[in-house]
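Enquirer: My questions are about this predicted structure, shown below with the sequence.
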Amino acid sequence: MSPVPRIIAIDGPAAAGKGTLARRLAAELGLPYLDTGLLYRAVGRRVLDSEADPADPVVAEAAARALQPSDLERGDLRGPAADAAAAAVASVPGVRAALLDFQRNFGRERGAVLDGRDIGTVIFPEAPAKLFVTASLPERARRRWLELRAKGTPAELATVEADMRARDAADRA
Ligand code: DC
């Protein structure tokens, strides 16, 4: 029997602090780190590039199957358009199935820290360490608003909070 890979699964909603914790743990333990939200963001971007609707299951699944590691380096994976496209493709079952192997392969050899929504439940249910990170909606919205401001993207706090509430609902669907 092969040994259980050293996987740390970190799940939770948007802007809860998963990424900060995951990056620190990965650096401390010398493990590779994967922000799995970037996969959905990159798939959403590929669909937008082809001027199709990210909610179209056929186009979205084809984009997920064509995903290249270099897509994760794109500079346009954050912001409201990428948020919305990512949430739309993430609700397509064929997209989730297409991204499953990518995520499992990432952690298989050396172990890894992965953050997302379904790492401890679907991607690595056998992970020896599983963390769930969350914070209240107003606090998560405040953090996202501060991030946007720091990047020079002006936004109303109330709008950021409303968008986040809608994304929470879409991510739960
Ligand atoms: O964590 P994030 O905001 O970068 O995630 C982008 C979108 O992808 C969000 O709508 C949730 C979705 N997602 C998912 O469904 N499963 C994951 N493992 C990671 C992200």
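Expert: Good, I have the coordinates.
Enquirer: For S91, give me its contacts.
Expert: A55, A170, A173 (Cβ atoms under 8 Å, 6 or more residues apart in numbering). Yep, even glycine has a C-beta here, placed from its N, CA and C like the rest.
Enquirer: For the second one, give me its contacts.
Expert: If I follow you right, that is A170. A87, A88, A90, S91.
Enquirer: helix or strand for it, which one?
Expert: Per DSSP states H and E: A170 is located in helix 157-172.
Enquirer: List the contacts of the residue nearest the centre of the chain.
Expert: Central residue of the chain (Cα atoms, centre = their mean): G37, 1.1 Å from the mean position. Neighbour list for G37: A14, A86, D115, G116, R117 [criterion: Cβ under 8 Å, 6+ apart].
Enquirer: Out of the residues you listed, which end up buried?
Expert: By neighbour count, with 16 or more other Cβ atoms under 10 Å, the contacts of G37 hold A14, A86, D115, G116, R117 as buried.
Enquirer: Report the lowest-confidence entry in the residues you listed.
Expert: Across the set of these, A14 stands lowest in pLDDT, at 91.
Enquirer: pLDDT wise, what is F102 at?
Expert: In this model, F102 is scored at 91, pLDDT.
Enquirer: what's the neighbour count on E28?
Expert: Neighbour count for E28, taken as other Cβ atoms under 10 Å: 9.
Enquirer: Distance check, it against A22.
Expert: Going from E28 to A22 by Cβ to Cβ, to the nearest Å gives 11 Å.
Enquirer: Kindly report the same for Q103.
Expert: Taking Cβ to Cβ, one finds Q103 at 14 Å from A22.
Enquirer: try P5
Expert: Separation of P5 from A22 (Cβ to Cβ): 16 Å.
Enquirer: who's more crowded, these two?
Expert: Relative neighbour count places A22 above the other of P5 and A22, with 26 against 17, counting by other Cβ under 10 Å.
Enquirer: tell me which strands and helices whichever strand or helix holds the more buried one is in contact with?
Expert: With elements taken from DSSP H and E, the one containing A22 is helix 18-29. Judged by 3 or more Cβ pairs under 8 Å, 6 or more residues apart in numbering; DSSP states H and E, the packing partners of helix 18-29 are strand 7-11, strand 33-35, strand 112-116.
Enquirer: just checking, R149 touches A155?
Expert: Yes. Using Cβ atoms under 8 Å, R149 makes contact with A155 at a distance of 7.4 Å.
Enquirer: can you give me the end-to-end distance of stretch 29-47?
Expert: Taking Cα to Cα, to the nearest Å, stretch 29-47 runs 36 Å from one end to the other.
Enquirer: Figure out how far it is from the centre of its chain.
Expert: Centroid displacement of stretch 29-47 relative to its chain, using Cα atoms, centre = their mean, to the nearest Å, is 6 Å.
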